[in-house]
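S.K.: Turn this into a structure:
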Amino acid sequence: MLCPKCGYYSFDHNANCPKCKKDLRPIQKQLLLTTLKPEPINFFSLLDATDPGPLAPNKGANPPERG
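M.R.: Numbers count the residues shown, from 1 in each chain. Modelled structure (predicted):
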């Protein structure tokens, strides 16, 4: 996106111009673009202690026979 104030080219998702800090949200709205709003990730909620996952050994399985 081209900043109308200073002429700096930046990414379309920037809410402000990185060079002059002009607010680019009105232009983004006209162009039907949105700014990225990252949400905080709680990594501990992604870990479920009750689910061992696909790499956990299967306790009831017999080892393959070699021969």
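S.K.: Show me what the longest helix seen in the chain packs onto, helices and strands only.
M.R.: When every helix of the chain is counted residue by residue (DSSP state H), the longest turns out to be helix 25-30. With contacts taken as 3 or more CB pairs under 8 Å, 6 or more residues apart in numbering; DSSP states H and E, helix 25-30 sits against no other helix or strand. Yep, even glycine has a C-beta here, placed from its N, CA and C like the rest.
S.K.: pLDDT averaged over that helix, what's the number?
M.R.: In this model, helix 25-30 carries a mean pLDDT of 90.
S.K.: quick one: contacts of that helix?
M.R.: Counting contacts by CB atoms under 8 Å, 6 or more residues apart in numbering, the residues outside helix 25-30 that touch it are 1, 4, 12, 15, 34, 35.
S.K.: Mark which of these are buried, thanks.
M.R.: Neighbour counting over the contacts of helix 25-30 (16 or more other CB atoms under 10 Å) leaves residue 1 as the buried ones.
S.K.: and the contacts of helix 25-30, which two are the farthest apart?
M.R.: The two members of those with the most space between them (CB to CB) are 4 and 34, at 18.8 Å.
S.K.: could I get the contacts of helix 25-30 as TSV with distance to residue 24 and secondary structure?
M.R.: Rendered in TSV, the data for these read as follows (distance: CB to CB, whole Å; DSSP: H, G, I helix; E, B strand; the rest coil):
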residue	distance to residue 24	secondary structure
1	6	coil
4	9	coil
12	9	coil
15	6	coil
34	12	coil
35	8	coil
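S.K.: returning to that earlier point: got the buried residues for the longest helix of the chain?
M.R.: The neighbour-count check on helix 25-30 (16+ other CB under 10 Å) flags residue 28 as buried.
S.K.: what does stretch 38-50 give?
M.R.: Per 16+ other CB under 10 Å, stretch 38-50 contains no buried residues.
S.K.: can you give me phi and psi for residue 9?
M.R.: Torsion angles at residue 9 (phi, psi; degrees, to the nearest 10) stand at phi -90, psi 130.
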